[in-house]
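In: Quick one, what's the 3D model for this:
(3 chains)
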Amino acid sequence: MQGRRSLRLIGHGLLQAGPILVMATFLVFALMHLVPGDLAFTLAGENATRERVEEIRSLYGLDRPVLVQYGSWLWKMLHGDLSVSLLSGEPVLTSILHRLPVTLLIVSAAMALSLLLGIPLGILASARPRSLIDSFVTTFASIGIALPSFWLAMILVSLLALTFQWFPVSGMVEPKVNLFDALYHAFLPAVALAASGVAEVARQTRSALMEVQSSQYVRTLVAKGLPASQIFWKHGLKNISVTLLTVTGLLFNRLLGGTVVIEAVFAISGMGSLVVGAATGKDYPVVQGVMLTMVLIVITINLVIEILYALLDPRVARQ
Amino acid sequence: MKDSSASDLIQNPAAAEPLLRVEDLSIFFRTATGEIQATDSISFSVRPGERLGIVGESGCGKTVTGLSLLGLLPRFMTRVTGKAYFEGQDLLSMRRARLRRISGPRIGMIFQEPMRALDPVFTVGEQISETLRAHVKIGKAEARARVIDALAEVGIPSPERRYDDYPHSLSGGMQQRVMIAMALICKPRLLIADEPTTALDVTVQAQIIDLLHTISERTGTALIFITHDLGVVAELCTRVVIVYAGQIVEDAPIERVYRSPQHPYTSALFRSMPSLGVRGVPLPSIGGRVPSLANMPAGCRFRERCQYAQPECVAKPALDTNEQERVRCFRAGELTLPGAVV
Amino acid sequence: MTAQSSKRSLWQRRHLRNFGLYVSAAYLIALLVLSVLAPWIAPYSPTHQDLGAVLMPPGPQHLLGADDLGRDVFSRLIFGAPLSLFGSILAVLVACAIGLPFGLIAGFSGGWIDAVISRTIDTMLSFPAIVLAIGVTGALGVGLINSMIAIGIVFSPTVARLVRGQTLIGREALYVDAGRCFGATNTRLVLRHILPNAVQPVIVQVTLLLATALLAEASLSFLGLGVQPPQPSWGAMLSRAYHYMEIEPSQMYAPGLAILMTALAFNTLGESLRVLLDPTMKNR
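Out: Down below sits the predicted model:
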C-alpha cells in the first residue's frame, strides 16, 4: 500500500518535472542566441578568416532552422556529448565531472550547517517570542540575509586563515583523495556560504513555529491535556517539517549558486570558477554545460522534495 | 456515577453541589492602546449532569469565557480575574501542570471549527489515542481498541477504517464527531462545547445536537454549550445564561426563559429568531448596535437599544442574587415580555 | 506580567518597528543625495592616482586609505554609491518590465497561456539565480548595464509569479464581475481594477528585490562580470581589495559594510512596508 503510493507519487513528480526539464534545456540552448551579432563570428574568434567563420557556421549547424539546431543539440546532450570547450578543447563533460564533487561537497557542508544551526536557533527564538534571544536571532537573521557572502568569506580568510592560520587560505583537496582533508579545506567556504542559509532557516523555522503555536489545533492539544513537550516535539515539529522541506529546496538552489562567488574567493576550481571563466572568455559550450548540470541537479532535488512533501503532509498526497 | 442518579439531578438540580462554580470572572484584552474589558464579573454554576447554554451575540464574551476556564487564552494578550471552582479547586489560579491533569480527564472541550481544531498531519485515531495515553496508563493496542469503541459510540461508521484517516478526508460533521469522541475519551464530568455546530450544515447540526444530548443523558456528563442560537439551546439545555456585551443579563431554567423572559434583551432575541408558524412576517431585528468593548456605557448596557428603557436605567443594574433565576434589569417583574412563539 | 509592562512593550514594539522604517528610509535618502552630490562631496576624483599613497592604510590624508593604484578609497566609495544604486534599480526595472505584463497576462487569461507562462516561471526559478545571471551576462557581454539586464531577467519570474497571483485574486473579486456586467473591456478591467490591487505587494517585493539586486551586482562585479575598471562599484572595490588582502586587509571593510548596510536598509524598508500595507500583520 505504502509502496504503491510512493510509486504513484514518484510518477506524479516525474510528470511535473518533465516539462520543466525540457524547457530548461531549451532555455540553455536559446542562451547562445542572445549573443549579439553573428554567433559564428563570435565563436570563430576575433581574427578568424571568412572561410573559418563559414566552417564554424556549418560545424555548429548555425545555418539551419533554430528548432532543428535545438533538436540535434538536445540529441547530443542526451548522449552525454556536451561538446568541447572553445578555449581549451577539452570535452565539457570531462571538466564538469572533474569539478562537480568539490562544489557538491561545499554545498552539502553549507546545507548541513544551515540546518543544524538554523533550526535550533529558530526553535529557541520561537519558544520565547520577543525575548532577548528572539531579538538576537531576528537581528542575526536580518543581517545574515543582507550580508554579501563573498565579503564574509574575505573576512574569514583574513582573520582565520591569514592572521591565525587555522585554516588554509585557498585551494581544495579532492574528496575522493582525502575526504577529511577535503572537509577541512571546505570548512571556511561552507561557513561563508552558510551564513545566509542559517539566517533563512532560523527565520522560517521561527515563523512556522509561531504560526503553529497560535493555531487552533495546538489549542485543542492544550485543552486535552497533552504535556507541552509532546505538543512541541511531536505536533510542532511534524507540522513545520513541511515548511522546512520547502526551505531546504529553495536553499539548495541558492547555495549552489552561491558557491560560484565563494569558489572565487578561495581559488577553488569547482563548477563556479569554471562557469565564471567561461562566461568571461565567451566559452559558450562550457557555460551551457555548467548551467545544464546545475539545473538538472536542482530539478532532481526538487523532485525528491516534492515526494517527501507528499509523504509528510497527507493533504498533498490527495491532490 | 449511575444513570439513575444523573437523571435525578437533572430533575432536581438545586439538590446537588455545583460541579463548576464561576465567580466574578472578568477577562481583559491587552491592546496597543491599552486594556479593554471583554467580560464583566461573569458568575454561574453548573451542577453534575446539568446542560447549561451560554447564549449571546458574537463578541459578547461567551467564547472567551469558555476558553478562560481551561487557560486557553493567549497568555501575553489577556488577563483573567475571578474564580472558577471545579470540584472545589480554582481552575484560574491553578498551575499549568495541575490544570493539565484536569483538562482532558475531568473537563473535555470541543470547538467551533473541527477542521482547524484537529492537527492536519496526524490520523484522527492517533490524536484520540494520544489523549487517552496522556492520562491513562494503557498499552497502544488497548488504546486503539478503546478509541475504535469511542468512534463507534459517537456514530462514526466503520470506525476501524476511519481510525487511520486524516482529518481532511472526513466531512465537517464527522470531524466534529471525532472531536467529541476525543473530548470524551477519558470520561470527563464536564464537556465545554464552544459553538460546535456553527460551522456545520443545518442537518448535520441537528445530528450533533442529538448526539450531545444522548451522550449527556446516558453518561451524566455535564455540558456547557456556548452558542448564539437560542433554538439549539431549547432542544438541548436544561438551563440558559444570556450574555450581553460582557455581562450576564439573565440566568434561568430553560422553560422559564422561553415562557416568560424577564430581560428585554432575551425577549428581543426570541423575536429575532426565525420561528415556525409566523411565515411571511418580516423577521424583526434588534435596532441599534452592541456598544464596543472599548467604549461601554456606564449604566445598563442594553439601554440604548431597549424599548422599555427609563431614566433610572442610566445606573448600573445589579444581577439578582437569587440562585435559581437571575435578571439584570430594573424593571424585571414589572414587565410582561413576549417569549418564544410556540 | 502586569498590565503596565505589557502596555509599554506593545508601545515599544510599534515604535521600534517605525524606528527601523525611519532609519532605513533616512539612510537611503542620504545615500541618494550622496550619489547625486558625489562630485562635490568626495575629496578626490575616483580615478585620481596618488602614487605616493599606494595601499596606504586609513589616515588623515586618505580617510579610508588608498588602493593599489593610490586612489582614495573614501572617494571611490562615494562614487561607487550611484553605480551600485543605479545598477540595482536598473535590474529591478527590467524585472518589472518583463514580469508585470507576463504576470498580468498569465493571471488574467488563464488556460494554456497561463500554463505556458507558469511553467516558464518555474523553469527559470529552477536555475540558481547567480548562475543564470552569469550565463546571460556571458551571452550579452560583460559590463554594468548588461549584467544588470541579466539580473533583471533572472528576477522577472519572481515578479511575474507575484503579479499572476494577485491578478487571480483580483479577477475572482466581486467588483471585477460587476465591471464585466457593465460591459468593461478586458484591458480596462486589468488597468483600472486589477493592476492597482496588485501594486501594493509589488511595491513590497520591489523593495526587497532591490536588496537582492544590490548583492547580485556586488557579486558579479566582484567576479569581474559587472562594472569594468576603472569605475568604482562597491563589488568591484572588494575585488581589488581581495587581491591585496594579505598586504592591506583594511581596504575590504568599508565597501563590504556599505553593501551590507544598504541591503539591510532595503530589506527593513520592504518589511516595514509589508506590515504597513497589510492590516492583518499590524499586531505581529
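In: going forward, measure contacts and count neighbours with C-alpha atoms only.
Out: Noted.
In: Lowest-scoring secondary structure element of chain C by mean pLDDT?
Out: Ranking every helix and strand in chain C by mean pLDDT, DSSP states H and E puts helix C:174-181 at the bottom, with a mean of 58.
In: what are the ranges of the helices in the stretch 151-284 of chain C?
Out: C:174-181, C:186-189, C:195-222, C:234-243, C:253-277 (DSSP state H, counting those that start in this stretch).
In: winner for burial among the ones you listed?
Out: Comparing those by mean neighbour count (mean count of other CA atoms under 10 Å in any protein chain shown), helix C:234-243 comes out on top with a mean of 24.
In: What are the contacting residues of that helix?
Out: With contact meaning CA atoms under 8 Å, 6 or more residues apart in numbering or on different chains, helix C:234-243 is reached by A:151, A:154, A:265, C:67-68, C:77, C:80-81, C:84, C:217-224, C:226-229, C:248-249, C:251-252, C:255-256, C:258-259.
In: a markdown table for the helices of the stretch 151-284 of chain C, including distance to B:Val121?
Out: Below are the helices of the stretch 151-284 of chain C laid out as a markdown table (distance: least, CA to CA, whole Å):
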| stretch | distance to B:Val121 |
| --- | --- |
| helix C:174-181 | 34 |
| helix C:186-189 | 41 |
| helix C:195-222 | 31 |
| helix C:234-243 | 46 |
| helix C:253-277 | 30 |
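In: Sketch out the low-pLDDT regions of the chain for me.
Out: Since no chain was named, I'll use chain A. A:1-6, A:46, A:316-319 (pLDDT under 70).
In: not quite, I wanted chain C
Out: Checking chain C against pLDDT under 70 turns up C:1-17, C:53, C:173-186, C:189-190, C:192-193, C:278-284.
In: let's see 50
Out: Applying pLDDT under 50 to chain C flags residues C:1-8, C:281-284.
In: Can you say which of the helices of the stretch 151-284 of chain C is nearest to B:Ala183?
Out: helix C:253-277 (38.4 Å; CA to CA).
In: That closest one near chain B anywhere?
Out: No. For helix C:253-277, no contact with chain B is found by CA under 8 Å from any CA of the partner chain; the gap never falls below 15.2 Å.
In: Centre of the chain to the helix or strand containing A:Val261, how far?
Out: Counting by DSSP states H and E, the element that carries A:Val261 is helix A:237-265. Mean-position distance between helix A:237-265 and its chain equals 6 Å (CA atoms, centre = their mean, to the nearest Å).
In: Now do that helix and helix C:195-222, the angle between them.
Out: Interaxial angle, helix A:237-265 versus helix C:195-222 (axes from the mean of the first three to the mean of the last three CA atoms, to 10 degrees): 40 degrees.
In: What is helix A:237-265 packed up against?
Out: Counting contacts by 3 or more CA pairs under 8 Å, 6 or more residues apart in numbering or on different chains; DSSP states H and E, helix A:237-265 packs against helix A:92-127, helix A:149-156, helix A:179-213, helix A:271-280, helix A:284-312, helix C:129-140.
In: can you redo the ones you listed as CSV with mean neighbour count?
Out: Shown next, in CSV, are the helices and strands packed on helix A:237-265 (neighbours: other CA atoms under 10 Å in any protein chain shown):
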stretch, mean neighbour count
helix A:92-127, 20
helix A:149-156, 24
helix A:179-213, 23
helix A:271-280, 23
helix A:284-312, 21
helix C:129-140, 26
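In: of all these, which lies closest to B:Arg30?
Out: Proximity to B:Arg30, assessed across the helices and strands packed on helix A:237-265 by CA to CA, is greatest for helix A:179-213 (18.8 Å).
In: Next SSE downstream of the closest one?
Out: Using DSSP H and E, the helix or strand that follows helix A:179-213 in sequence is helix A:216-223.
In: can you list contacts of that next one?
Out: For helix A:216-223, using CA under 8 Å, 6+ apart, the contacting residues are A:212, A:228, A:231, B:70, B:72, B:100, B:103-104, B:108-110, B:116-119.
In: Now with 6 Å, please.
Out: By CA atoms under 6 Å, 6 or more residues apart in numbering or on different chains, the surrounding residues in contact with helix A:216-223 are B:Ser103, B:Arg116, B:Ala117, B:Leu118, B:Asp119.
In: which residues of chain B fall in strands?
Out: B:20-31, B:34-46, B:51-55, B:78-86, B:89-90, B:107-110, B:190-194, B:222-227, B:239-244, B:247-253, B:326-327 (DSSP state E).
In: Distance to chain C, mean neighbour count and mean pLDDT added to the ones you listed, as CSV?
Out: Converted to CSV, these look like this (distance: least, CA to the nearest CA, whole Å; neighbours: other CA atoms under 10 Å in any protein chain shown; pLDDT from 0 to 100):
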stretch, distance to chain C, mean neighbour count, mean pLDDT
strand B:20-31, 7, 20, 91
strand B:34-46, 6, 20, 90
strand B:51-55, 29, 28, 95
strand B:78-86, 8, 20, 93
strand B:89-90, 20, 16, 92
strand B:107-110, 27, 28, 94
strand B:190-194, 25, 25, 95
strand B:222-227, 27, 25, 95
strand B:239-244, 25, 25, 93
strand B:247-253, 22, 24, 91
strand B:326-327, 32, 22, 88
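In: Serialize these to CSV and add fields for distance to chain A.
Out: CSV is the format used below for the strands of chain B (distance: least, CA to the nearest CA, whole Å):
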stretch, distance to chain A
strand B:20-31, 16
strand B:34-46, 19
strand B:51-55, 19
strand B:78-86, 14
strand B:89-90, 17
strand B:107-110, 7
strand B:190-194, 10
strand B:222-227, 15
strand B:239-244, 23
strand B:247-253, 25
strand B:326-327, 30
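In: Which one of those lies nearest to C:Leu209?
Out: Short answer: strand B:20-31, nearest of the strands of chain B by CA to CA, at 33.6 Å.
In: Return the angle between stretch directions for the closest one and strand B:34-46.
Out: Put simply, strand B:20-31 runs at 170 degrees to strand B:34-46, going by the same axes, to 10 degrees.
In: Which residues does strand B:20-31 contact?
Out: Residues from elsewhere that reach strand B:20-31, judged by CA under 6 Å, 6+ apart: B:35-46, B:77-86.
In: check which helix or strand covers residue 21.
Out: With no chain named, the answer covers chain A. Of the helices and strands defined by DSSP H and E, A:Leu21 is found in helix A:2-31.
In: nope, chain C please
Out: C:Leu21 belongs to helix C:3-41 when assigned by DSSP H and E.
In: A:Asp63 too?
Out: Counting by DSSP H and E, A:Asp63 is found in no helix or strand.
In: Spatially nearest residue to it (excluding sequence neighbours)?
Out: Spatial nearest neighbour of A:Asp63, excluding adjacent residues (CA to CA, 6 or more residues apart in numbering or on different chains): A:Arg57 at 6.3 Å.
In: Give me the nearest residue to B:Glu50, chain neighbours excluded.
Out: Spatial nearest neighbour of B:Glu50, chain neighbours left out: B:Ala222 (4.9 Å); criterion: CA to CA, 6+ apart.
In: Give the bridge partners for the one you found, please.
Out: B:Leu190 (DSSP bridges).
In: the inter-axis angle of the lengthiest helix in chain B versus strand B:222-227?
Out: Longest helix of chain B, by residue count under DSSP state H: helix B:202-219. Relative orientation of helix B:202-219 versus strand B:222-227 (the same axes, to 10 degrees): 160 degrees.
In: Can I get helix B:202-219 in CSV? Just the C-alpha atoms.
Out: Only the C-alpha atoms of helix B:202-219 are listed here, as CSV (Å, rounded to 0.1, in the frame of the first residue of the first chain):
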residue,chain,number,x,y,z
VAL,B,202,-28.2,22.5,9.3
THR,B,203,-29.0,18.8,9.0
VAL,B,204,-25.6,17.9,10.5
GLN,B,205,-26.1,20.4,13.2
ALA,B,206,-29.2,18.6,14.3
GLN,B,207,-27.4,15.3,14.4
ILE,B,208,-24.6,16.7,16.5
ILE,B,209,-27.0,18.3,18.9
ASP,B,210,-28.8,14.9,19.2
LEU,B,211,-25.5,13.2,19.8
LEU,B,212,-24.5,15.6,22.6
HIS,B,213,-28.0,15.2,24.2
THR,B,214,-27.8,11.4,24.1
ILE,B,215,-24.3,11.3,25.5
SER,B,216,-25.1,13.7,28.3
GLU,B,217,-28.2,11.8,29.2
ARG,B,218,-26.5,8.4,29.1
THR,B,219,-23.3,9.2,30.9
